[in-house]
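> the following comprises the amino acid sequence and a computationally predicted model.
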Amino acid sequence: MPMSRPRYLTLPIIIVFVSIGYLYFSTVFIFIKEWLGLTTATGLLNASLLSAMVLMLLVTYVMAIVRDPGYVPSTFAPDIEDPDNPIQEIKRKGGDLRYCQKCSHYKPPRAHHCRVCKTCVLKMDHHCVWINNCVGHANYKIFFVFLLDAVFTSTHSMIFLVGSAVHDIHKDQRQSGGSIRTPYIICGVLLFPLTFALTILLGWHIYLVLRNKTTIEHHEGVRAMWLAEKVGSVYQHPYHLGAYENLSSVLGPNILCWVCPTTGHIGSGLRFRTSYDGINTVSSR
């Protein structure tokens, strides 16, 4: 198995940690405190809830950074006669089995070479600069749960930003100097576009999960559909098993654990269930 790529504390990761810390401090000790008060039951409950959400957010973020996405074993060799693995992906040109010249080994279905990580990644979705890591077979669910936590946490924080600002206006409190208003401005500039962007990104990955696709497979599928239409054929994504089965294959068989950053169900990443049997090859990268 290839050696794990060393992790580095990059500038984007530092920016994320600083932003989470600043937004958390401002929400609890300014917005909630000014609006509900930290000594009230409602204020204390919301501060505790937000603290738990931020803790979960940090845990999933760190896990997404340090967890290997899943690398192709150097000894991997496709078995084209294996009846349990009826689909083998081939190159568009020549029809040969996919082989990585840089890693000097065959690529299993859904694997791609990452130019940043300099290795082949199982079921690669994309390389994310915000975690300095690839999102692939072994950490996709963790990344997905992190996005889910990020959307809920940022939305929660934004509600208190707006509520506290409206409460302040209604009380007609005039602040002397900009020391109190500055966090409102900074958090507003951060939270509104951040929450919007994270919501769009989460929606995109929900769409992908429901169809059992990666980002790479989606873009390749668009081209495959176009080519199929030219010859009067219909392209079908071979790993689409139906919405519930797709969710289960990515998030796990236990619905109660779908929002937990657990990955014990994912398997080796060298083979995947398909929607049809008896087809030996499917055109791919």
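Nice, thanks for sending it over. Residues are numbered from 1 along each chain as shown.

> OK, contacts around residue 244?
Listed by Cβ atoms under 8 Å, 6 or more residues apart in numbering, the contact set of residue 244 is empty. To be clear about C-beta, it is placed using only N, CA and C from the backbone, and glycine gets the same treatment.

> now do residue 120
By Cβ under 8 Å, 6+ apart, residue 120 lies in contact with 71, 72, 100, 103, 105, 107, 111, 112, 113, 114.

> any regions of the stretch 151-285 of the chain where pLDDT drops low?
171-180, 224, 226-229, 276-285 (pLDDT under 70).

> which two of the contacts of residue 120 have the greatest separation?
105 and 114 (14.5 Å; Cβ to Cβ).

> re the thing from before, what's the ChimeraX line that selects buried ones from the contacts of residue 120?
The ChimeraX command for the buried members of those (criterion: 16 or more other Cβ atoms under 10 Å) is given here:
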select :71,72,103,105,107,111,112,113,114
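
> so which of the contacts of residue 120 would you say is closest to residue 42?
Sorting the contacts of residue 120 by how near they are to residue 42, with Cβ to Cβ, puts residue 114 at the top with 47.2 Å.

> does the closest one really touch residue 121, like I thought?
Yes - using Cβ atoms under 8 Å, residue 114 is in contact with residue 121, at 5.2 Å.

> between those two, what contacts are shared?
residue 134.

> in the stretch 51-200 of the chain, which spans are strands?
88-90, 99-100, 105-106, 112-114, 119-121, 126-128, 133-135 (DSSP state E, counting those that start in this stretch).

> which residue comes closest to residue 99 once chain neighbours are left out?
Setting aside the residues directly before and after it, residue 99 is nearest to residue 106 in space (Cβ to Cβ, 6 or more residues apart in numbering), at 5.3 Å.

> with residue 120 instead?
residue 72 (4.1 Å).

> contacts only, for that neighbour.
Taking Cβ under 8 Å, 6+ apart as the test, what residue 72 contacts is 2, 100, 103, 105, 107, 108, 111, 119, 120, 121, 122.

> show me the contacts for the fifth one.
With contact taken as Cβ under 8 Å, 6+ apart, residue 107 is in contact with 72, 89, 98, 99, 100, 113, 120.

> so residue 129 makes contact with residue 15?
No - using Cβ under 8 Å, residue 129 is not in contact with residue 15, being 10.5 Å away.

> phi and psi next, for the closest residue to residue 104 other than its chain neighbours.
Excluding its sequence neighbours, the residue lying closest to residue 104 (Cβ to Cβ, 6+ apart) is residue 74, at 7.8 Å. Here is the backbone geometry of residue 74 (degrees, to the nearest 10): phi -60, psi -20.

> relative to residue 100, how far out is residue 74?
Using Cβ to Cβ, to the nearest Å, one gets 10 Å for the distance from residue 74 to residue 100.

> got it, and residue 26?
From residue 26 across to residue 100, the span is 47 Å (Cβ to Cβ).

> where exactly do the helices run in the stretch 151-285 of the chain?
Under the criterion DSSP state H, counting those that start in this stretch, the stretch 151-285 of the chain carries helices at the ranges 181-210, 215-230, 243-251.

> let's have those helices in TSV, adding distance to residue 10.
Converted to TSV, those look like this (distance: least, Cβ to Cβ, whole Å):
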stretch	distance to residue 10
helix 181-210	19
helix 215-230	21
helix 243-251	27
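
> count of neighbours near residue 15?
As a burial measure, residue 15 scores 11 neighbours (other Cβ atoms under 10 Å).

> number the residues from 366 up from this point.
New numbering, starting at 366: the last item is residue 380.

> phi and psi next, for it.
Per degrees, to the nearest 10, the backbone of residue 380 is at phi -60, psi -40.

> what pLDDT does it get?
Model confidence at residue 380, given as pLDDT, is 96.
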